[in-house]
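J.: Give me coordinates for this.
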Amino acid sequence: AHLMPNSNIDDMSFDSDLFMSVLLPPIIFDAALSVSKTQFKRRRAAIACFAILGTLVSTGVTGAIVYSASHFTEEAFPVLDSLVFGALISSIDPVAILSILSSLGLTQGDTVYILVLGESLLNDGVAVTVFKTLVGRLDGQTNDGSTSVSEVLGIIADFIINMVGSVSIALVCGILSWLFFYFSKKTLTPAMEVGSVFIWALVPFYVSEAFNWSGIVSLVVMGCFVDIYIASPKEYKGGVPPGVAAEGTGDYVIMEGQSIAPSITPIRGTKRMRLSQEAEKHVRFFAHVTAQLAENAIFAYLGLFLFSSKYDWDPALISIGILSCLASRAIMVVVMSQFIILIYKMRGYSSKPEASGRDSPTSALNESIANDDDAV
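T.: Model (predicted):
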């Protein structure tokens, strides 16, 4: 198939740098900016379990299934290669998740909504970090394709260093951005304020990538910092800023998935910056538009390769990959849900069905989490 003169779709290949450095950051930043920090804080323990432990479980289960099943095909995968695939495929698309949940009529006040959205947000950073850590160990695996204990310990150490370093860079950049807006707030126009927010948001991403750490984790932390300390919406009468029309009758429209609810209170002893009214109502609009554009570009970009003869399509491996994804996700959700229910029971929270008038353990879990404002 020819896209333009003297070009052929078979000459194209997937550019991971384009995907990771250009298309993915707007999606992650928009999700980090729009997620309700109040609801996220209330359910942070459950979200962290699903996002961190759940991603590791999903990676391990997917890797184990692929490793075992691939030995029945002509392409037997080594352990480490199988885990790399598990980490790669365990990542979740936050924009798609947000669209699906919104179409079902759910809001960020619903436990299921914030659990799934919060998990999909943190899951991206964890999955990319695990993926990069595993890829970095590929050259060090033993000659027979197995993985030694020292390599496993090295992977764990690299993962911890990666996460801590990425978070630290984001916090440092967040503080520097706060100082920038504090000393220049009287000279910046609304357009410059909006542009500066997005420039500062990308700084920790590229700095972390330069250190071979996780730019995604840095971007998530920076997005939360911006929402809490710089671009947090003010409280308006009726809950809607002037000039904003939820019904599409004003000069600005709240798009699906956007949140204009005030963020959580800053840490004691710290001060929140305020953007101008014009900049405040356009930061989220611009973030949401760029995220949607990037999402559409990704689907179109990936779809082109379905028609390329450059790649070998193995029906057996494709089937193994799909089944391993479905199985690992189902196992992870069940295991982590039971684990969270157990933790809440141990901490003294009631999970009796009578408390909510429903019979399922998930309903009990939702009730416990929803009433837990002090979960760790």
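
J.: Please enumerate the helices of the stretch 151-300 of the chain.
T.: In the stretch 151-300 of the chain, the helices defined using DSSP state H, counting those that start in this stretch lie at 190-210, 215-225, 277-304.

J.: Out of these, flag the one nearest Lys37.
T.: Between Lys37 and the helices of the stretch 151-300 of the chain, the tightest spacing by Cβ to Cβ is seen for helix 215-225, at 6.7 Å. In short, each C-beta sits where N, CA and C put it, glycine included.

J.: Give me the packing partners of the closest one, helices and strands only.
T.: Using 3 or more Cβ pairs under 8 Å, 6 or more residues apart in numbering; DSSP states H and E, the elements in contact with helix 215-225 are helix 24-34, helix 111-136, helix 149-184, helix 190-210.

J.: Read off the pLDDT value for the residue nearest the centre of the chain.
T.: Nearest to the geometric centre of the chain sits Leu121, at 2.4 Å (Cα atoms, centre = their mean). With respect to pLDDT, Leu121 scores 79.

J.: Wait, it touches Val221, no?
T.: No: with contacts counted by Cβ atoms under 8 Å, Leu121 stays clear of Val221, the gap being 10.9 Å.

J.: Common neighbours of those two, please.
T.: Taking Cβ atoms under 8 Å, 6 or more residues apart in numbering as the contact rule, Leu121 and Val221 both touch Ala32.

J.: Any stretches of this structure with poor pLDDT?
T.: Applying pLDDT under 70 to the chain flags residues 1-14, 94-95, 138-148, 151, 233-270, 306-308, 311, 349-376.

J.: any idea how far Pro190 is from Gln277?
T.: 8 Å (Cβ to Cβ, to the nearest Å).

J.: need the contact list for Ala294.
T.: Applying Cβ under 8 Å, 6+ apart to Ala294 gives the contacts Val22, Leu23, Leu24, Pro26, Ile27.

J.: Please report how far it lies from Leu98.
T.: From Ala294 across to Leu98, the span is 14 Å (Cβ to Cβ).

J.: With Ser218 instead?
T.: Applying Cβ to Cβ to Ser218 and Leu98 gives a distance of 21 Å.

J.: Which one of the two is surrounded by more residues?
T.: Set side by side, Ser218 and Leu98 show more neighbours around Ser218, with 32 against 27, by other Cβ atoms under 10 Å.

J.: Distance of the more buried one relative to Cys173?
T.: According to Cβ to Cβ, Ser218 and Cys173 sit 8 Å apart.

J.: what is in contact with these two at once?
T.: Common contacts of Ser218 and Cys173 (Cβ under 8 Å, 6+ apart): Pro204, Val207.

J.: Tell me, how many residues neighbour Val335?
T.: Neighbours around Val335, by other Cβ under 10 Å: 15.

J.: Was I right to think Trp213 contacts Ser168?
T.: No: in this structure Trp213 lies outside contact range of Ser168 using Cβ under 8 Å: 9.3 Å.

J.: And the contacts of Ala294, which of them are buried?
T.: The neighbour count (16 or more other Cβ atoms under 10 Å) marks Leu23, Leu24, Pro26, Ile27 as buried among the contacts of Ala294.
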